[in-house]
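J.: pasting the structure only:
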């Protein structure tokens, strides 16, 4: 099974490090960093496009909507998210119109960035320009309605473990893991591992 490839492009190392930490809670995979647009393009191979691209709005070689449009054409199946301190709705809309799947302000809480990334990976288009009150965050109570086995699964999903790894750790068959996973997704009302992992992280399980 091919590992997900994620590219984080920003000329500030501290931002790249922080974003990498957030992404690991949502999408396990190989994370590559780029400080300028040319090195970003060098990471993209014709037969191996990234699952996710996280881009700053301003970094060397990046030309806003033109560069987003180029990436969208080159990586038609990739999720593209622009993360910036610029909270101008016109700028955000221009990035989405050029082909980005999401535009997120750097001022919002890490938990909100994490959820927005999970939403984009679920197929949604996201424009998040300001922090929401913490009590407005959707945080399902994972202790209610879930069996201890389902909580075990959710914790390991949040850790980015595969079905085989989960089966080995819980000493059950991969088939049983798949059956439990299906039931867990129904209870959490999610359809992807990324969304379940985000719920695990938002509730402090990982």
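T.: Received it, and whenever you're ready, just let me know what you need. Computed from a predicted model, the values in this text were never measured in an experiment. Numbering: from 1, shown residues only.
J.: Now do stretch 172-181: distance to the chain's middle.
T.: 25 Å (CA atoms, centre = their mean, to the nearest Å).
J.: Now for residue 101: which residues touch it?
T.: For residue 101, the contacting residues are 79, 80, 81, 120, 124, 125, 126, by CB atoms under 8 Å, 6 or more residues apart in numbering. The C-beta positions use only the backbone N, C-alpha and C, and glycine is treated the same way.
J.: Count the neighbours of the fifth one for me.
T.: A count of nearby residues for residue 124, using other CB atoms under 10 Å, gives 11.
J.: per-residue confidence for it?
T.: Note on residue 124: pLDDT of 86.
J.: all strands of this structure, in order?
T.: Using DSSP state E, the strands of the chain run over 5-9, 30-34, 52-56, 79-84, 102-105, 126-128.
J.: Let me have the ones you listed in CSV, adding distance to residue 66 and mean neighbour count as columns.
T.: Shown next, in CSV, are the strands of the chain (distance: least, CB to CB, whole Å; neighbours: other CB atoms under 10 Å):
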stretch, distance to residue 66, mean neighbour count
strand 5-9, 15, 24
strand 30-34, 17, 19
strand 52-56, 13, 25
strand 79-84, 13, 23
strand 102-105, 16, 23
strand 126-128, 20, 19
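J.: mind putting the ones you listed in a markdown table, distance to residue 201 included?
T.: Formatted as a markdown table, the strands of the chain follow (distance: least, CB to CB, whole Å):
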| stretch | distance to residue 201 |
| --- | --- |
| strand 5-9 | 16 |
| strand 30-34 | 16 |
| strand 52-56 | 16 |
| strand 79-84 | 17 |
| strand 102-105 | 16 |
| strand 126-128 | 17 |
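J.: which one of the contacts of residue 101 is nearest residue 147?
T.: Nearest to residue 147, judged by CB to CB, of those is residue 124 at 29.0 Å.
J.: show me the contacts for the closest one.
T.: Applying CB under 8 Å, 6+ apart, the residues near residue 124 are residue 101.
J.: do the same with the one 4 residues further on
T.: Shown in contact with residue 128 (CB under 8 Å, 6+ apart): 102, 103, 104, 105, 108, 112, 113, 116.
J.: which two from these end up farthest apart in space?
T.: 103 and 112, at 13.2 Å, using CB to CB across the contacts of residue 128.
J.: May I ask which two of the contacts of residue 101 are separated the most?
T.: 80 and 124 (13.2 Å).
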